[in-house]
Each structure stands twice: as structure tokens, then as C-alpha cells.
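1. model this:
(3 chains)
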Amino acid sequence: MISPSIFVFAPLASAALFTALMVVRSRNVIHAGYWLLPCLLAVAGLFGSLEAHFFVVVQILIYAGAILILILFALMLTRDVMDPKQRQTTKFAPLAVPLCIFVGLGGALMMARAPWPAIQAAAPGPAEQTKALGLGLIGDYALPFEVASLILLAALIGAICLAKAEKEPAAPEPVIDLRGEIELEESVSAGAADGH
Amino acid sequence: MTANLTHYLALSAALFGIGLYGVLARRNAIAVLMGIELMLNAANINFLAFWRFLAPNSVEPQVYVLVVLTVAAAEAAVGLAVVLNVYRSFGTVNLDEIARLKG
Amino acid sequence: MPDKSVIIGDMQAILPMIVLWVTASVIALGDVSLWKRGNKAINPLLAIVGVLVAFKFLVNTPRVASGATAFAKSLAIDPLGQISGIALLVTAVLSILLAWTYLKNRGLDHAEYYVLLLLSLTGAMMMASANDLIVLFLGLEILSFGLYVMAGFARTEERSEEASVKYFLLGAFGSAFLLYGIALVYGATQSTNLEQIRATLSSSSGAPGPMLLAGIGLLIVGLGFKAAIVPFHQWTPDVYEGAPTAATAYMAGAAKIGAFAAMLRVFGALTPVAASWLPAIQILAIVTMVFGNLLAVTQTNVKRLLAYSSIAHAGYLLVAIAALPSETVNGIASNAPDLAVGGALFYLFAYVFMTLGAFGVLVYLSSKGRDVQHVNDLRGLAKREPAAAYAMMFFMLSLGGIPPTMGFMGKWQIFYAAVTGQQIMLAIVMALTSAMAVYYYLRVVWVMCFEETTEAAAPEPVARTGAMAAIMLAAAATIVFGIAPNLLNAITGMGP
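-> Below you'll find the predicted structure:
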């Protein structure tokens, strides 16, 4: 396969665009979060149509697996505050529609007009690709690779720093709750034992 | 019939536009974050399309996609910590209501 | 397999950054295991030691005129990177001193602040010497992650939380633009290496294609968000006001230096297609200078005033960027690009000293229950706190560009570069808007010296040594380097 077939591209592309539209248009933010999943999977499919095998897996693992779960957690932790019946858009929304149509369609048309050199070499197979990528990461691209780990460190410390609770005297509360439940369970099981 | 670079770039531009709309128009901070994720995905499609059509034997674009994925994951983590932190005291993630600072 | 000497050379290039990262890790781990959150003074002290060691390594790196690179050309070892690195380290020392006082007085004294400051400093230094767009992007992200959290560091204050969420969303938005721009520039030139991009662009004939144009436009938007250029500046006043004052000071310095060092590099590489981006930069420079100064006039909150002032200063620095492509004037080779880079770097130093000094005075006056940021809080300061008041006066005069301060010398150098590079229009707008700015800076001086204090005696701050040291350092630098600008050039190895 020198070039991806339009019959593979077209359904994936329309799926990606449709689901992306649903992500930004859904009134219910939880639904928007759910729509993000097929959207990210469609993008993974597009990576597959480009024969970037490794990135199909990475996209599913990191985007659909990790990032989406984080987003869904955050949505559920804050869900009570955004009633779907409420207005979901800012006052800029009417202005944003033409702007984004301009950016999206204009960009698309601009790309369509640009002249492209007709290079149609075959892509390396999955094993060669991944091997080359691995060698690249410890060779010429060692710096971006190492710095990416620094980003993770900064993000980790930053996120913990914001999320950890301030020292408050009311801390032992959950322990009491738990103890109550354990006692309840014990009494229930004791009652059950008595019954038999 | 084959799809060529133009198709992919056009798709990516459209996805970028949709993400942009999400950022500009949504009031929910987490929905805005989802819009930003769509924009990052659009950039990744670009990188991989350039790799496939222009330089299939170079690993450069692939390294960039990996880097972008890392940044996106880190950004989501920090972003959600920031948003939940705001939620704790404002009781909302609605950006219109998070406006105590006069602007 | 690269040979050993190459690896050692690579390591030498990032040694200052490694030192900062190691210091951050030592503070993070030591705070939870060795001194168990007990000894609070050790964190800022360690941080300062780390920055000074990094400074030593950075100054000791062999000076190469240009063209030296490390890590397969992804990092440049050149004066621009080294000098902006020194400016960043100076920013870090001043902001650690300020944070020491501010965090202690406001009960926010946690080790994480210094860890995040050092990590984001590492990112900023990476950004300043990035020779590859993707390394630049990574550096920018590390810098930003630290700043997002530092802006929200006062987690119980709504203002601080709002600042962090606004900064995060706008920052991530800007990064997405930058990244898409990088992707398009890669597509157009088949490289993200700045040297390679420059070589490709100068060898190709004809007008740049639409993809390159779109890419450059997106790069301008993305970097414009970071550098707070009008119309991408809306977040600036809110974030500057809401963030803890010590974090605002660091943000004002580090983000500006990182963004402008990166811009000098990127637009230097894009010189062959200058005709396509120069008009945009010229318009942005004019708009930024005019609106930054106009909006500052009505501000009564000193932090907001300094935010608009930092926007205006971004406009002056854009004038230097606009003078970059003037490699030949009327067919004769011109030294305008060198003057522009030298002027911008000198201006960044001046900006750091005067802006961090001014924020330092606010930090110095703040105490537990009282966060000084309104102009009225400064009433009659000359009688209450003469040392702080006179230092503030120098910072305001310097920000207004009045001789013999450093601010004046910086403006003069950029003005001179702009005139040499035939950017007459920009030079005129710069002079006019600077004159306008004097009004609002002098108003602060007026309030401090000639108005009576109205408030009751404030609770005495717990500790203020760190802030006083930072203010005095900054004030001394503002005056000494204003009178003898060549001294700074001699110290940093800047200029001819």
C-alpha cells in the first residue's frame, strides 16, 4: 500500500469530525466527554491509515486510556455544577462560530491549494519503524526525550502541590466513618450468625 | 482512489477549527480543556501525515508526536488539578462565574 | 555511536540546567525526608546556592561566537543563550529572595514553591538556548507548568486560584497554537531545526507558500500569548493581580526573558522570509506599545499597573525584533541585527531589575493579613519606609525611561537599533509612548512622597531581610548599570 485508500480515509475522517463536533456542541458536558472517546479512536484509526502502527497503540493507551479517564474523573467530580439546561456557551460563542469556520475551512482550502512534491515511497514496516524510533530517542533526539521526562516531573509535583489538602484538624473524620461501618458490618454478621 | 497529503491536512485544519470553537465558546473549564486536546490532536495528525507523505524514512516527526503526547498528558494532569482547586472554593467550574478579579 | 568527547561536550552545554534540576530534586526529597518540613530557611538557601552554582557553570562554558551546538544541533551554545541564561538566573536569585520573605509572611512557606521555581527556570533556560522548535516547545511547557502552579500557590485565596485557572487555560491555548505552527513550519521546510530552517528558506526562491505563512502566523500567536503582546494579553492583568506577589515577580521576569529569547532566535531564523512577517510584527509592536501604556494610566492597583507596564515593555522589545531582519540597509551591510539583539538583551536585564524591584517593594510591605497592592497603600511611604520608598522611586523612574537609570539606557539601545534598521515609524511611536508612560509612573512617586498616609499602623511583617536584600540589589543595579552600561556588557560578555 503506497498511499491510503480514500475509502479508508473518508469514513475515519468523517467520524473524527462528527464526533469532534459533538464534543464541542453537546449540552451535557458528560456526554461531551463520552464523545471524546470515539473521536480519539477515529484519530487512532487515521494514524493507522498512515501506517504509523506504533502511534495507533500509543494514541489508544495514552489519549483514550489515560487522558480521557482523567477528564471524565474531573467531569464527574464537578458534575453537579453545570446543569445541562443552563446556557453552555460564553458570550463570545456567536462570534466564535464564523471565526472557527473561517479558520477550519480557510485552513483546509489553503492546504488544498498548496503544491505538494509527489513522494510516494513505501513506509517502513512496524518493527523497523519502532526500532528506528527507539534508536532515535537515545541518539539524535536524546534531548527532547530527556526533557519530556522533566516535564512529567514538573507536572507531577505541580499537580500534587495543588491537589493535596491543607493541614486541617478535621482530618481524622473518614476514619470514624469507616469504624462506624465496620461496627455495623460486625453487628450485621453477628446478627446473621445468631440467626443460624 | 487514494487519499493524499492534502486530505489529511484539510482534515487536521478542520479539527483544529472545531477545537478552537470549543475553547472560545464553552463556559465549562473542563470542556475548554477538551477543546485544547482536540487542537493538539490536529497537530499530531499533521506531523504523522508529513512523516508518511514527505519523509517516511525520518523518525523526526514520530519523536515529535511522542513528545506532544507526553505534554498533553502532563497538561491534562496539571490542568485538572488547577480546575479542581478552583472548584473547591468557587463551587463551580463555570468560567463566567470565576471572575473576582476586575478585568 | 557518538564518541566520548561529543557526549562530554553535550553535557557541558546543559550542565547549568542539570544543576538546577538536581537542586530542585534535593529540595523536594530533603524536605520530606531529611529536614521533614521543619527547617524552613534551608529551602530558599539551597535554591540560591543551586542558582549560583548554575551561574558559575554557565559563565564557565566556553564562549563561542556562534554556530556551536549540542545534542545533534538541538541546543545552541551561543551568546544569546548564555546571556539570556544569566538574566534568567538573576531573575531567579531575586525572586527566591522575595519568595523567602513573602511566603513566610503570608504563611505559605512550602518547599514545593522553590522546587517549581527551579524546574520552571530549567525550562526557561532550555527555551533560551533552544536551536530546535520542538526543544523550544518543551522548554516553554516546563516553564509554564511551574508558573501555572506558582500562580495558584495561595490555595486558600480565591484570587490566586482564579489567576492559576486563567493562566492555565490561556497558556495551554497559546501552546496549542504554537504547536500547530511548529507542525506547519515543519511541513513547509522539512525541519524543525532553526539553522536548517534558515538554510532552507534562504536557498529557496520565490514567495513563501501558504503553509509557511500560516505556520509563522501561528508561531507569532503562540509566542505572543507567552510574551503578553496585544491582542493576546487579556490574561496578564488578572493573573498578575491574582497570583502571590512573589510569584508574579518571577513570572514577569522569567516568562518575558524566555519568550523574547525564543522570539529573537525564531525570527532570526525566519529572516530570509522577513517580508512576510515584518508587517505583522510592526503592527503588533505599535498596538502593544499604545494600548499597554494607555490602559496602564487608569490603574489604581500597583500589580495591575505593572502588568500593563510589562505589556508596554513587550511592545518596546518587539521593536528590537522588527529591527532583526535589517541585515542590509540601502544595499550596505548593516549592524542593525546585532544592535537589536544586544539592545533587547540589555533591555531584558533592565526590565528584570526594575520590575522585580518594584514587585519587591510590594513584597517588603506585605504582612500576614495585609497584601499590599493598591496605590493608596503606598501613601506617605517616604516618611514611613524611606529606604523602600526611594528604591521604588528609582524603579519607577527607570520604568519610565528617565536618565540616568538602566531603563533609559535600554530604551536608548533599542531606539538606536530601530533607527539603524530603518524602522523610523516604530522608533517614533516608541519615543511618544515612553513619554506618555512617565505620567503613570510618576504618579506612584507622587503618592509616595507628597500624600499623607491614611491608614492605621499595619502589623509588622515577620521577616523582611530577603525582600530588602532583593530591593537593594535591584536598585543598585538599576543605577550602576544605568550610569555605566558597559559594566554590564563586561560582566556578561555582551556586545563588542
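
2. would you confirm that A:F55 contacts B:Q62?
-> Yes. A:F55 lies in contact with B:Q62 (Cβ atoms under 8 Å); the separation is 7.2 Å. Quick note: C-beta positions are derived from backbone N, CA and C, even for glycine.

3. more neighbours: the two, which one.
-> In this view A:F55 and B:Q62 are compared by other Cβ atoms under 10 Å in any protein chain shown, and A:F55 has more residues nearby, 26 against 23.

4. check which helix or strand covers that one.
-> Using DSSP states H and E, A:F55 sits in helix A:53-58.

5. quick one: average pLDDT of that helix?
-> If you average the pLDDT over helix A:53-58, you get 93.

6. can you confirm whether the helix or strand hosting C:Y114 lies near chain B?
-> Here C:Y114 is covered by helix C:111-128, with elements defined by DSSP H and E. No. Counting by Cβ under 8 Å from any Cβ of the partner chain, chain B has no neighbours in helix C:111-128; the shortest distance is 10.8 Å.

7. for the next helix or strand after that helix, packing partners?
-> Under the assignment DSSP H and E, the closest C-terminal helix or strand after helix C:111-128 is helix C:133-151. Secondary-structure packing of helix C:133-151 (3 or more Cβ pairs under 8 Å, 6 or more residues apart in numbering or on different chains; DSSP states H and E): helix A:142-163, helix B:60-90, helix C:111-128, helix C:158-189, helix C:245-269.

8. between those, which gets nearest to C:A228?
-> Among these, helix C:245-269 comes nearest to C:A228, with 7.6 Å by Cβ to Cβ.

9. tell me what angle that closest one forms with helix C:158-189.
-> In terms of direction (axes from the mean of the first three to the mean of the last three Cα atoms, to 10 degrees), helix C:245-269 departs from helix C:158-189 by 10 degrees.

10. just to revisit the earlier point, could I get the helices and strands packed on helix C:133-151 as TSV with distance to B:V23?
-> Output for the helices and strands packed on helix C:133-151, formatted as TSV (distance: least, Cβ to Cβ, whole Å):
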stretch	distance to B:V23
helix A:142-163	20
helix B:60-90	12
helix C:111-128	23
helix C:158-189	5
helix C:245-269	21
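
11. which stretch among those comes nearest C:A340?
-> That would be, of the helices and strands packed on helix C:133-151 and by Cβ to Cβ, helix C:245-269, which comes in at 8.0 Å.

12. shaky segments in chain A?
-> Under the criterion pLDDT under 70, the flagged ranges of chain A are A:1-3, A:79-85, A:113-120, A:165-196.

13. contacting residues around whichever residue of it sits closest to chain B?
-> Distances between chain A and chain B by Cβ to the nearest Cβ are smallest at A:G104, namely 2.3 Å. Contact partners of A:G104, counting by Cβ atoms under 8 Å, 6 or more residues apart in numbering or on different chains, are B:A13, B:A14, B:L15, B:F16, B:G17, B:I18, B:L20.

14. filtering these by proximity to chain A, which remain?
-> Filtering these for neighbours of chain A using Cβ under 8 Å from any Cβ leaves B:A13, B:A14, B:L15, B:F16, B:G17, B:I18, B:L20.

15. check contacts around the last one.
-> This points to B:L20. Counted by Cβ under 8 Å, 6+ apart, B:L20 has contacts A:A96, A:L99, A:C100, A:V103, A:G104, B:G35, B:M39.

16. please report phi then psi for C:T69.
-> Phi and psi for C:T69, reported as degrees, to the nearest 10, are phi -140, psi 170.

17. residue of the stretch 351-496 of chain C nearest chain A, please.
-> C:K368 (15.9 Å).

18. isn't that residue right up against C:K104?
-> No. C:K368 lies out of contact with C:K104 (Cβ under 8 Å); the separation is 9.6 Å.

19. leaving out chain neighbours, which residue sits closest to the residue of the stretch 351-496 of chain C found nearest chain B?
-> Residue nearest to chain B within the stretch 351-496 of chain C: C:Q373 (11.5 Å; Cβ to the nearest Cβ). Leaving aside its chain neighbours, C:Q373 sits nearest to C:K303 (4.7 Å; criterion: Cβ to Cβ, 6 or more residues apart in numbering or on different chains).

20. which of the helices or strands spans that neighbour?
-> Using DSSP H and E, C:K303 maps to helix C:302-323.

21. quick one: average confidence on whatever helix or strand comes next after that helix?
-> Heading C-terminal from helix C:302-323, the first helix or strand you meet, by DSSP H and E, is strand C:328-329. Mean pLDDT, computed over strand C:328-329, is 78.

22. give me the residues contacting strand C:328-329.
-> If you take Cβ under 8 Å, 6+ apart as the criterion, strand C:328-329 is touched by C:S334, C:A336, C:T420, C:G421, C:Q422.

23. ok, now with 6 Å
-> Contacts of strand C:328-329 with the rest of the structure, by Cβ atoms under 6 Å, 6 or more residues apart in numbering or on different chains, involve C:S334, C:Q422.

24. likewise for stretch B:88-103?
-> A:78, A:81, B:27-29, B:83, B:87, C:158, C:161-162, C:238, C:241-242.
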